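Novice: how does the following fold in three dimensions:
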Amino acid sequence: MILLNPEYTLFFLLPFIVFFLFLMGDRSRKALMRDMKRQKAYAGRALKGPLLILLGLILAVFALMRPVSHPEEQIIKQEGRNIVFLVDVSRSMLAEDLVPNRLDRARFDIQAAIPLLRGNRVALVAFAGDSILKCPLTTDYAFFNQAVDELSVYSVTRGGSCMGDAIRTVINDLFPEEKSFMDIILITDGEDQETFPLEAAYKARDKGIRLIAIGMGNTENPTAIPDDSDTGEEYLIYQEKVVFSSPDMEGLQEIAAASQKGWAVSVPRGSINIAEILDRLDGESQETGSYSHINYSEYYQWILLPAFLLIFSAVYMRKRFAL
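Specialist: Numbering: from 1, shown residues only. Okay, the predicted model is just below:
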């Protein structure tokens with residue numbers, strides 16, 4: 001027999017403390033009885049109640065320690081997909097047409113969707129003028145959540161929005177071999193700087209990688225980009241003009257369509273409906289990992305039953321005798 005909670009061993013002191021307190025209480029009652037015959041009858045029955053409570057509490061503590069036997073190992077397989085979140089962290093993602101801004105909106109929505117990602121291997125890549133792997137493909141969702149939480153415009157060393165290079169980085173570094181069930185969720189404002197993202201999407205298609213492009217921001221009214229530097233300006237200035245940003249949804253739709261069964265999603269307001277995206281991906285999956293679980297034959301319920309009966313009997317006896 002195995003005890004799963006041996007740390008509760010010290011709790012065995014509790015029944016004896018309770019037993020001692022009951023005896024002290026009974027002595028006080030006995031001292032008040034002047035009738036010797038009644039005192040003799042009381043002495044015979046007074047000890048039974050505390051003894052029953054003592055035995056009941058000992059059994060209850062033993063049940064709390066969870067005695068088990070016959071351990072059997074069970075291998076539980078996890079099935080899902082390999083999903084890479086490719087997030088634009090360029091300064092244009094600071095535009096506030098989404099609340100609180102495009103980048104923070106993306107962070108919050110990814111974190112909110114983590115419970116829905118269970119079973120999938122997930123990764124995180126940040127990009128602007130260059131790309132950096134923030135979290136490799138993993139089922140460690142706590143680590144993934146921390147990596148998402150740390151995303152900022154300072155996650156990469158170079159400014160810009162080299163989307164094509166970022167897609168190629170994911171393909172080469174995270175999907176170097178021919179695999180199935182691979183997806184890139186690209187979150188960006190859709191502004192690329194001559195890095196041939198369409199050609200990168202064709203390369204993704206050749207490797208069977210699906211690309212879902214999410215365009216962040218208002219497509220009808222370009223939004224000024226806040227200046228978070230020390231210039232003292234409220235908005236980013238280039239050639240003495242305020243810089244405005246608007247997602248290029250046509251370009252994103254073309255990029256997504258060039259991949260393996262990809263599609264584009266516009267987010268002009270509100271939040272990213274990642275749940276809907278995952279629902280469309282759930283049709284196909286593969287084994288992404290496994291973990292071991294030990295099953296036991298439990299006995300605590302068979303020990304608690306007599307424990308409760310003993311304690312109930314003791315309480316009943318004391319009430320009846322008190323009458």
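Novice: buried residues in stretch 217-229?
Specialist: Counting neighbours by 16 or more other CB atoms under 10 Å, one finds that the buried residues in stretch 217-229 are Gly217, Asn218, Thr219, Thr223, Ala224, Ile225, Asp227. Heads up, the C-betas are built off the backbone N, CA and C, glycines and all.
Novice: can you list the residues that contact that stretch?
Specialist: Contacts made with stretch 217-229 from outside it, assessed by CB atoms under 8 Å, 6 or more residues apart in numbering, are listed as 91-92, 94-98, 101-102, 153, 189, 233-237, 242-247, 249, 266-269.
Novice: centre of the chain to that stretch, how far?
Specialist: With CA atoms, centre = their mean, to the nearest Å as the basis, stretch 217-229 stands 32 Å off its chain's centre.
Novice: could you do stretch 62-70 as well?
Specialist: Per CA atoms, centre = their mean, the displacement of stretch 62-70 from the mean C-alpha position of its chain is 30 Å.
Novice: residues contacting Met249?
Specialist: With CB under 8 Å, 6+ apart as the criterion, the residues that contact Met249 are Gly190, Gly215, Thr219, Ala264, Ser266.
Novice: can you tell me, leaving aside adjacent residues, what's nearest to it?
Specialist: If you skip the residues right next to it in sequence, Met249 has Gly215 as its closest partner in space, 4.8 Å away by CB to CB, 6 or more residues apart in numbering.
Novice: how about the one you found, secondary structure?
Specialist: Following DSSP: H, G, I helix; E, B strand; the rest coil, we place Gly215 in the strand state.
Novice: burial count for Ala204?
Specialist: Burial of Ala204, expressed as a neighbour count using other CB atoms under 10 Å, amounts to 26.
Novice: likewise for Val18?
Specialist: Residues contacting Val18 under the criterion other CB under 10 Å number 15.
Novice: pLDDT check: weakest of the buried residues of stretch 217-229?
Specialist: In terms of pLDDT, Asp227 ranks lowest among the buried residues of stretch 217-229, with 84.
Novice: that residue and Ala95: what is the separation?
Specialist: 12 Å (CB to CB, to the nearest Å).
Novice: again, but for Leu151
Specialist: Distance from Leu151 to Ala95, counting by CB to CB: 16 Å.
Novice: mind listing the helices for this protein?
Specialist: 13-31, 36-46, 48-64, 102-112, 141-149, 163-173, 197-206, 249-258, 274-281, 300-322 (DSSP state H).
Novice: which one, of those, ends up nearest to Glu72?
Specialist: Among these, the nearest to Glu72 by CB to CB is helix 300-322 (17.9 Å).
Novice: tell me how the chain divides into domains.
Specialist: 2-72+294-322, 82-284 (automatic domain parsing).
Novice: deepest of those domains, which one?
Specialist: Stretch with highest mean neighbour count among these: domain 82-284 (a mean of 19; mean count of other CB atoms under 10 Å).
Novice: so how far is that one off the chain centroid?
Specialist: Averaged over its C-alpha atoms, domain 82-284 has a centre that lies 21 Å from its chain's centre (CA atoms, centre = their mean).
Novice: stretch 4-12 now?
Specialist: How far stretch 4-12 lies from its chain's middle: 31 Å, per CA atoms, centre = their mean.
Novice: what's next to it, contact-wise?
Specialist: Applying CB under 8 Å, 6+ apart, the set of residues contacting stretch 4-12 from outside is Ile58, Val61, Leu64, Met65, Arg66, Pro67, Val68, Tyr296.
Novice: surely the fifth one meets Ser297?
Specialist: Right, Arg66. No. At 11.3 Å, Arg66 and Ser297 do not qualify as touching, with contact defined as CB atoms under 8 Å.
Novice: gap between Gly251 and Phe16?
Specialist: Between Gly251 and Phe16 the computed distance is 77 Å (CB to CB).
Novice: and the pLDDT for the closest residue to Gly251 other than its chain neighbours?
Specialist: Once its chain neighbours are removed from consideration, Gly251 has its nearest residue in Gly190; the separation is 5.8 Å (CB to CB, 6+ apart). pLDDT, Gly190: 75.
Novice: list the contacts for Gly190?
Specialist: Contact partners of Gly190, counting by CB under 8 Å, 6+ apart, are Ala213, Gly215, Pro247, Asp248, Met249, Gly251, Leu252.
Novice: got any ranges where the stretch 51-200 of the chain has weak pLDDT?
Specialist: Low-confidence segments of the stretch 51-200 of the chain, defined by pLDDT under 70: 73-79, 178-180, 193.
Novice: columns distance to Phe181 on top of the helices of the chain, output as CSV?
Specialist: Supplementary listing: the helices of the chain in CSV, determined by distance: least, CB to CB, whole Å:
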stretch, distance to Phe181
helix 13-31, 54
helix 36-46, 72
helix 48-64, 45
helix 102-112, 20
helix 141-149, 18
helix 163-173, 15
helix 197-206, 14
helix 249-258, 18
helix 274-281, 9
helix 300-322, 42
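Novice: that'll do, ta.
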